[in-house]
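fold the following and give me the result.
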Amino acid sequence: MQDPALRHQSRGRPMTDAEIALAADLEEIYARGVRDFEAVVAELNAKGTARPSGEAGAWSLAVFEAELKAINASHDAAHAENGIGA
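Numbering: from 1, shown residues only. I've put the predicted structure just below:
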């Protein structure tokens, strides 16, 4: 059994509500066997998934990549500032 104190050890900060919603939608999409990123993006658009950045507009491959890079950069910065375990 996992130690509850280690549950979020890889996080430098808590996830935002929009990041949690994106993660949930991605988990559901991947669970259905969708693996092609163009199809993933189409699914995000069909579901009306909001961008974690708060920007409006449709998902595209470029937007998907930019959003994931921004999330990763934000978590990396939080790790650098706060350590791990948010």
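
so where's this protein uncertain?
In the predicted model of the chain, residues 1-11, 84-86 satisfy pLDDT under 70.

so where do the helices sit in it?
Here the chain has its helices, by DSSP state H, at 17-31, 37-47, 61-82.

report the angle between the last one and helix 17-31.
Angle between the axes of helix 61-82 and helix 17-31 is 130 degrees (criterion: axes from the mean of the first three to the mean of the last three C-alpha atoms, to 10 degrees).

which of the residues in helix 61-82 are buried?
Neighbour-count burial for helix 61-82 flags V63, F64, E67, I71, S74, H75, A78, H79 (criterion: 16 or more other C-beta atoms under 10 Å). All C-beta spots, glycine's among them, are computed from the backbone N, C-alpha and C.

quick one, what contacts A46?
Residues counted as contacts of A46 (C-beta atoms under 8 Å, 6 or more residues apart in numbering): none.

coming back round to it: of the buried residues of helix 61-82, just say which sits nearest to V40.
F64 (7.2 Å; C-beta to C-beta).

isn't the closest one right up against E38?
No - F64 lies out of contact with E38 (C-beta atoms under 8 Å); the separation is 9.5 Å.

if I look at those two, which residues touch both of them?
By C-beta under 8 Å, 6+ apart, no residue touches both F64 and E38.

show the contacting residues for the closest residue in space to A80 that isn't next to it in sequence.
Spatial nearest neighbour of A80, excluding adjacent residues (C-beta to C-beta, 6 or more residues apart in numbering): G12 at 7.6 Å. By C-beta under 8 Å, 6+ apart, the contact list for G12 reads H75, D76, A77, A78, H79, A80, E81, N82, G83, I84, A86.
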